[in-house]
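[1] task: produce atomic coordinates for the following.
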Amino acid sequence: MKKIVSLIKTDITNLKVDAIVNSANKSLLGGGGVDYIIHKKAGAEMQQECRKIHDEIGGSLPNGQAVITTAGNLPAKYLIHTVGPRWLGGSKNEAEELCNAYLNSLVKANEVKAKSISFPNISTGVYNYPKQEAAEIAIGTVLSSLPNFEHIEQVYFVCYDQENYNIYKSILSNLDDPKIQINII
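    Model prediction:
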């Protein structure tokens, strides 16, 4: 079966998918940007699960790692919380950590047999990762690894802002993969 990768410009919290990826901060207790919106909309049950995981891991999830909780009040089954790196100039393993954030999120989604997963633009907000480089890493990681995940059928790259959308559109428009159908919405 051909996998599907779609680009969409919308609020990720409104997308009906099996798993929504949250670009979380290390504490998992909520932060700014998409993390703030997800915590606010998902509600108390999800926040309690995050507090429990926070306590179990000693308060800090390493960059590139991912954990899973209920999606609470969101129209998804699961939330996958991953920590992308802060941009520190590119010499502090940022690219590897960002790649791992996408890859480990796919691993978590596949573990719970999610058929669809949506990604925000991890680390490109308050963490200041250069948007073009972040998009290249996101798309490269997902497209190269997606065929290896038996349960995941559809991936959404969800852009909230026009700049990220245009960058993703430019990259995806120039790709042709016989195993993956690319939709630009």
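[2] check which helices and strands the helix-or-strand element of the chain with minimal mean pLDDT is in contact with.
    Within the chain, no helix or strand scores below helix 33-42, which has a mean of 93 by mean pLDDT, DSSP states H and E. If contacts are counted by 3 or more CB pairs under 8 Å, 6 or more residues apart in numbering; DSSP states H and E, helix 33-42 sits against strand 19-23, helix 44-56. In this view, the C-beta of every residue, glycine as well, is placed from N, C-alpha and C.
[3] most packed of those?
    Mean neighbour count (mean count of other CB atoms under 10 Å) peaks for strand 19-23 among these, with a mean of 29.
[4] returning to what we had before: can you list the helices and strands packed on helix 33-42 in JSON lines and add mean pLDDT?
    Output for the helices and strands packed on helix 33-42, formatted as JSON lines (pLDDT from 0 to 100):
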{"stretch": "strand 19-23", "mean pLDDT": "97"}
{"stretch": "helix 44-56", "mean pLDDT": "96"}
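[5] Serialize the ones you listed to a markdown table and add fields for distance to F157.
    Formatted as a markdown table, the helices and strands packed on helix 33-42 follow (distance: least, CB to CB, whole Å):
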| stretch | distance to F157 |
| --- | --- |
| strand 19-23 | 10 |
| helix 44-56 | 23 |
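[6] nearest to Y160, of these?
    strand 19-23 (10.8 Å; CB to CB).
[7] next, the angle helix 44-56 makes with that closest one.
    With axes from the mean of the first three to the mean of the last three CA atoms, to 10 degrees applied, the angle from strand 19-23 to helix 44-56 works out at 60 degrees.
[8] list the contacts of strand 19-23.
    Residues from elsewhere that reach strand 19-23, judged by CB atoms under 8 Å, 6 or more residues apart in numbering: 12-13, 33-35, 38, 66, 68, 71, 74, 76-82, 84, 105, 108-109, 112, 114, 116-123, 125.
[9] from those residues, which land in strands?
    Secondary structure assignment (DSSP state E) places 66, 68, 78-82, 116-119 from these within strands.
[10] list the contacts of A138.
    Counting by CB under 8 Å, 6+ apart, A138 makes contact with 98, 102, 119, 121-122, 157, 168.
[11] same thing but 7 Å
    By CB atoms under 7 Å, 6 or more residues apart in numbering, A138 lies in contact with 102, 119, 122, 157.
[12] can you redo those residues as CSV with neighbour count, pLDDT and distance to D177?
    Shown next, in CSV, are the contacts of A138 (neighbours: other CB atoms under 10 Å; pLDDT from 0 to 100; distance: CB to CB, whole Å):
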residue, neighbour count, pLDDT, distance to D177
Y102, 25, 98, 16
F119, 25, 98, 17
I122, 25, 97, 22
F157, 24, 98, 15
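[13] thank you kindly, that will do.
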